[in-house]
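>>> need coordinates for the below:
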Amino acid sequence: MTKLIGYNFYFQYGGKKIAGVTDDQLQITPKTKESLTKDNAGTEDSEIVGHGVEISVNGLCYKNGENETTALDLDDLMELNLKKGDAAKLTFVYTRSTGKAYTGTCIPNGYTESTNSEDFGGFSQNFKVIGDMTPVS
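You can find the predicted model right below:
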């Protein structure tokens with residue numbers, strides 16, 4: 001068994017990682033349906049009928065240099081968050097250094113840039129997965 005170091009987990013869109021990431025979170029929450037029937041003598045039953053998945057990414061603000069397009073920078077993130085309708089649906093890959101990678105469709109679900117007069121600018125980006133995440137084959 002091997003412990004995995006955090007920098008080996010990352011979100012990709014369009015084959016690019018987000019520049020400057022310091023930490024991220026993947027949260028999977030089951031969606032349940034409750035039922036109460038006479039057949040089971042009034043004992044409540046729960047069934048998982050789906051999952052809510054959210055991915056949050058935090059980091060330092062980076063700007064790509066001229067003709068540099070290897071990573072998503074703060075301008076790319078801003079543009080992703082200003083899209084509407086079907087244009088806002090992104091196909092992504094969530095990868096870990098070992099084990100399976102997963103893919104799915106998500107929408108940007110909030111973007112924040114934070115700055116002050118002493119430190120580097122920071123950002124927080126949230127994505128909401130729509131539909132299923134499936135292993136990349």
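
>>> who touches the most centrally placed residue in the chain in this structure?
For the chain, the residue nearest the mean C-alpha position is residue 55 (2.6 Å; C-alpha atoms, centre = their mean). Residues in contact with residue 55 (C-beta atoms under 8 Å, 6 or more residues apart in numbering) are 11, 24, 25, 26, 27, 92, 94, 106, 126, 127, 129. In short, each C-beta sits where N, CA and C put it, glycine included.

>>> who's in contact with the residue found closest to residue 60 once you drop the neighbours it is linked to in the chain?
Spatial nearest neighbour of residue 60, chain neighbours left out: residue 20 (4.0 Å); criterion: C-beta to C-beta, 6 or more residues apart in numbering. Each residue near residue 20 by C-beta under 8 Å, 6+ apart is listed here: 59, 60, 61, 62, 123.

>>> what about the second one, how many neighbours?
Okay, so that is residue 60. When neighbours are defined as other C-beta atoms under 10 Å, residue 60 has 14 of them.

>>> cool, and the fourth one?
A total of 18 residues lie near residue 62 under the criterion other C-beta under 10 Å.

>>> does it count as helix, strand or coil?
The three-state assignment at residue 62 reads coil, by DSSP: H, G, I helix; E, B strand; the rest coil.

>>> before we move on, the earlier item: of the contacts of residue 55, which is the most crowded?
Busiest of the contacts of residue 55 [other C-beta under 10 Å] is residue 127, holding 25 neighbours.

>>> all set, thanks.
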